[in-house]
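J.: Requesting a structural model of the entry that follows:
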Amino acid sequence: MTEPAPQDPHLTVVDHPLVQHKLSHMRDQTTSSGQFRRLLREISQLLAYEITRGLPMTTETIETPLMEMDAPVLDGKKLALISILRAGNGLLDGVLELVPSARVGFVGLYRDEETLQPVQYYFKVPEALEDRMVIALDPMLATGNSSVAAIDLLKEAGAQNIRFLCLLAAPEGVARMQEAHPDVPIVTAALDVGLTEQGYIFPGLGDAGDRMFGTK
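T.: Modelled structure (predicted):
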């Protein structure tokens, strides 16, 4: 079952058994970088199923082997997937396998380890964001500062229908996002306990980028 977290209709925690099983393996510190990347790609497809609910539909006439029919197909401009670098690429790969026609953009942000504030270094997104569903991708919603900054940039670029997909969320990050962008639904695999003094989600799974790319 997938259901909104209590008292927060904008937060959906996907508690499907396959999602939770794969997430447990990702949390395990003995899981290798290769296994971590594979699990992240697989879990991102399961999360993508949930976050793409409500895509606009229309019909087109097709010929089946037996007859002509009006068949349901996606309507409107292709959706835009926006990876918040660098760890967002781990989610991007899986979602793109599910929606290969999607347009792709990138927001480059890193967190200043002293202030915990985001610093922008790259921004490249598809055209006509105002006409697309935009899905921002970042495995960790921790303090929420980087996520809020990324959504700020996407709105400045014209995006109006934005959703946020993450692997783990902390209550502090969810509250920060809801304060800054209450119109942006969040889909995640788990709402964890909280943040450490260094701004990491606990129990969490460590730094998603480092674990993905084997850089620590």
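
J.: Quick one: mean pLDDT for the longest strand seen in the chain?
T.: If you go by DSSP state E, the chain has its longest strand at strand 103-111. Mean per-residue pLDDT for strand 103-111: 89.

J.: what packs against that strand?
T.: strand 80-85, helix 88-98, strand 118-124, helix 145-156 (3 or more CB pairs under 8 Å, 6 or more residues apart in numbering; DSSP states H and E). No exception for glycine: its C-beta is placed from N, CA and C like everyone else's.

J.: I'd like these written out as JSON lines, with distance to Glu172 and mean neighbour count added.
T.: Putting those into JSON lines (distance: least, CB to CB, whole Å; neighbours: other CB atoms under 10 Å) gives the following:
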{"stretch": "strand 80-85", "distance to Glu172": "18", "mean neighbour count": "25"}
{"stretch": "helix 88-98", "distance to Glu172": "20", "mean neighbour count": "21"}
{"stretch": "strand 118-124", "distance to Glu172": "15", "mean neighbour count": "13"}
{"stretch": "helix 145-156", "distance to Glu172": "10", "mean neighbour count": "20"}
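
J.: closest to Leu39 out of the ones you listed?
T.: helix 88-98 (9.5 Å; CB to CB).

J.: contacts for that closest one?
T.: 37, 40-45, 47-49, 52, 81-83, 102, 104, 106-107, 135-139, 165-167, 208, 212 (CB atoms under 8 Å, 6 or more residues apart in numbering).

J.: one step back: can you say which of the helices and strands packed on strand 103-111 is nearest to Pro72?
T.: Among the helices and strands packed on strand 103-111, if distance is taken as CB to CB, the winner is helix 88-98, at 17.0 Å.

J.: where does the closest one sit relative to the chain's centre, distance-wise?
T.: Distance of helix 88-98 from the chain centroid (CA atoms, centre = their mean, to the nearest Å) equals 9 Å.

J.: so that helix versus strand 103-111, what angle?
T.: Going by axes from the mean of the first three to the mean of the last three CA atoms, to 10 degrees, helix 88-98 is angled at 160 degrees with respect to strand 103-111.

J.: Quick one: mean pLDDT for helix 88-98?
T.: pLDDT averaged over helix 88-98 gives 91.

J.: sorry, back to before: now the longest strand of the chain and strand 80-85, what's the angle there?
T.: 20 degrees.

J.: buried residues in stretch 174-191?
T.: For stretch 174-191, a neighbour-count test (16 or more other CB atoms under 10 Å) marks 174, 176-178, 181, 184-191 as buried.

J.: Show me where the chain dips below the pLDDT cut-off.
T.: 1-9, 116, 216 (pLDDT under 70).

J.: buried subset of the contacts of helix 88-98?
T.: Looks like those have 37, 40-41, 43-45, 47-49, 52, 81-83, 102, 104, 106-107, 135-139, 165-167, 208, 212 buried, using 16+ other CB under 10 Å.
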